[in-house]
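K.L.:
how would this look folded up:
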Amino acid sequence: MVTLINKLAVAGQEQAPKAAASTTGTSCHAGRDEMDRAARAAGQSETLDRYAADYPRGPHDQPQSMCPAFGSLRVGLRMRRTATVLSGSACCVYGLTFTSHFYGARRTVGYVPFNSESLVTGKLFEDIREAVHDLADPEQHDAVVIINLCVPTASGVPLKLLPKSINGVRIIGIDVPGFGVPTHAEAKDVLAGAMLRYARGEAEKGPVQAPRTPRSQRPSIALLGEMFPADPIGIGALLEPLGLAAGPVVPTREWRELYSALDCVAVAALHPFYTATIREFEAAGRPVIPSGPVGRDGVADWLKAVGEATGVPSAQIAEAQNRFLPLMTAAIERAPIRGRITLSGYEGSELLVARLLVESGADLRYVGTACPRTPWSEPDRAWLAARGIEVRYRASLEDDLAALEAFEPELAIGTTPVVQKAKEKGIPALYFTNLISARPLFGLAGAGSLATVVNAALGNRARFDRMVSFFEGVGTGDTSGIWEETPRPRPEFRAKYRRQVDALARKRKSEEMI
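P.N.:
Residues are numbered from 1 along each chain as shown. The predicted structure follows:
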């Protein structure tokens, strides 16, 4: 546990503050529209307009997933010599801290507590500035990241007024409100883009710190998006015959890697939702390559796109394709997948996984992703659509469940509630985040990586049938659970109370009309 540093506390150790409120009375229980209005009134229009452009919403308000700020928190906690501090309601901070450690974070989450008085009077900003100064130790940190959650953002806590650096330690202040950033995947982009922008400014001014590991003598391709640790090695093998090397993975694990990432000849947008980060690469004059090397077709198209973007002769591109495509075909044929599948998730790699499943022989019917449609996923969308597969961007839980009902898959790959619903129906299911996305995906290593877990799940249908048969007749709804005597449903009580509630609602409506 971290030592308490003045106003900085370990999340969960401070007493929960009173319901925080801005000068307009907005609290963390207000709706999205009310929070948005309060934030704009407090001077946050520029930030919210940028988020609206970078992360367009779908036909509904927001995908149902974890708090978006988890994405930024995750990026900060995975970086060496980086302190990450949250400013928000204590309940939100506790939940984010719990989730971050559930997913393997081994670092302290900083927290600047507040109450209604300190928020309204501006004392919260002073506390944040004091905490930042306390943390800005160049012996310990390269950067300090401050993340405003919903209430401080809606109240206009001005992180942009913090110093850009203290004692040589970089200060990165970002707003990641749930009412402004749709998913935790895109919140990764908020912090990654802010850091890359800062690093680009440093590199433009003069010499910067060299990378920890020796740089390749070949031009490099920066890799955009979190991935399995073996994937950069596999991608590097694909790039070698083109005379190129795999560069750093962004989000990076250390500040100095940002300079190496900028020092690339092109960027591979393996995860297509990093809009702000891509903007910084483009500002540095780096071309961006969509999609990724998944499956035989994906490897062929990606090698061509990389070669053309970096000026590699066509004969050399064809040589690289001729070297790898037979190997890809053989690897996929050794690990076939046979079964009807639906796929959904919120990590951003759903379309790439879908392509690999289809090339492996799966009868894929539906792909849902919580992320938005962008130019960098367009090759994958077109490839899937050409095979009659429904692709749904900004998919809601209702979309995913409707696909489950419509296509009656033999295996459902999805988020926790989708997996739960599928298993209730006796359909084998796999959680996308932990069991699918946490595997090699690209190149030769990815060709057969999904077959083992997917085929094992497909083979479990008989077990699910036995379980459904065994538990048939066990109570559901009001009668679910463990009882000495099975409860007797009393629907007449509910009907009575429903009539009373409806009558009260009609009375209030008539009073409002008077």
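
K.L.:
return the helix or strand in the protein with minimum mean pLDDT.
P.N.:
Least confident element among the helices and strands of the chain, by mean pLDDT, DSSP states H and E: strand 9-10 (a mean of 43).

K.L.:
packing partners of the following helix or strand past that strand?
P.N.:
Next helix or strand after strand 9-10 toward the C-terminus (DSSP states H and E): helix 32-41. With contacts taken as 3 or more C-beta pairs under 8 Å, 6 or more residues apart in numbering; DSSP states H and E, helix 32-41 sits against helix 45-54, helix 150-154. For every residue, glycine as well, the C-beta is placed using N, CA and C.

K.L.:
in the stretch 301-450 of the chain, where is pLDDT below threshold?
P.N.:
Flagging of the stretch 301-450 of the chain using pLDDT under 70 yields an empty set of residue ranges.

K.L.:
about what we covered before: wait, which of the helices and strands packed on helix 32-41 is closest to Glu202?
P.N.:
For Glu202, the closest of the helices and strands packed on helix 32-41 is helix 45-54, at 22.0 Å, according to C-beta to C-beta.

K.L.:
list the contacts for the residue nearest the centre of the chain?
P.N.:
For the chain, the residue nearest the mean C-alpha position is Ala185 (1.9 Å; C-alpha atoms, centre = their mean). By C-beta atoms under 8 Å, 6 or more residues apart in numbering, the residues touching Ala185 are 71, 271, 273, 346-348, 370-371.

K.L.:
next one: stretch 162-173 to chain centre, how far?
P.N.:
Between the centre of stretch 162-173 and the centre of its host chain there is 26 Å, according to C-alpha atoms, centre = their mean, to the nearest Å.

K.L.:
with the contacts of Ala185 in mind, which one is nearest to Tyr111?
P.N.:
Nearest to Tyr111 among the contacts of Ala185, counting by C-beta to C-beta, is Gly71 at 17.9 Å.

K.L.:
for the closest residue in space to the closest one that isn't next to it in sequence, helix, strand, or coil?
P.N.:
Ranked by C-beta to C-beta, 6 or more residues apart in numbering and with sequence neighbours excluded, the top spatial neighbour of Gly71 is Ala187, at 3.2 Å. Judged by DSSP: H, G, I helix; E, B strand; the rest coil, the three-state class of Ala187 is helix.

K.L.:
number of residues surrounding Ala187?
P.N.:
29 (other C-beta atoms under 10 Å).

K.L.:
got the contact list for it?
P.N.:
When the contact criterion is C-beta under 8 Å, 6+ apart, the partners of Ala187 are 68-72, 176, 181.

K.L.:
ok, Tyr393 next?
P.N.:
58, 369, 371-373 are the contacts of Tyr393 under C-beta under 8 Å, 6+ apart.

K.L.:
bridging residues for it?
P.N.:
Tyr393 has these beta-bridge partners by DSSP bridges: Thr369.

K.L.:
mind checking which of the contacts of Ala187 are in helices?
P.N.:
69-72 (DSSP state H).

K.L.:
Arg197: which of those is nearest?
P.N.:
Nearest to Arg197 among the ones in helices among the contacts of Ala187: Ser72, at 14.4 Å, using C-beta to C-beta.

K.L.:
count the residues that sit near the closest one.
P.N.:
29.

K.L.:
is it in contact with Val176, as I believe?
P.N.:
Yes. Under the criterion of C-beta atoms under 8 Å, Ser72 makes contact with Val176 at 4.9 Å.

K.L.:
tell me the residues that contact both of those two, please.
P.N.:
Going by C-beta under 8 Å, 6+ apart, residues that sit against Ser72 and also against Val176 are 147, 187, 190-191.

K.L.:
report the contact partners of Glu350.
P.N.:
Counting by C-beta under 8 Å, 6+ apart, Glu350 touches 343-344, 367-369, 371, 432.

K.L.:
what are the buried residues along the helix or strand containing Ala315?
P.N.:
Per DSSP H and E: Ala315 is located in helix 314-334. Buried residues in helix 314-334, defined by neighbour count with 16 or more other C-beta atoms under 10 Å: 317, 320-321, 324, 328, 331-332.

K.L.:
now do stretch 221-230
P.N.:
221-228, 230.

K.L.:
in strands only, show me the residues you listed.
P.N.:
221-224 (DSSP state E).

K.L.:
can you add pLDDT and distance to Glu117 and give those residues back as JSON lines?
P.N.:
Formatted as JSON lines, these follow (pLDDT from 0 to 100; distance: C-beta to C-beta, whole Å):
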{"residue": "Ile221", "pLDDT": "97", "distance to Glu117": "52"}
{"residue": "Ala222", "pLDDT": "97", "distance to Glu117": "46"}
{"residue": "Leu223", "pLDDT": "98", "distance to Glu117": "47"}
{"residue": "Leu224", "pLDDT": "97", "distance to Glu117": "43"}
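
K.L.:
closest to Arg106 among these?
P.N.:
Nearest member of those to Arg106, counting by C-beta to C-beta, is Leu223, at 23.6 Å.

K.L.:
excluding chain neighbours, what is closest to the closest one?
P.N.:
Nearest non-adjacent residue to Leu223 (C-beta to C-beta, 6+ apart): Val249, at 4.7 Å.
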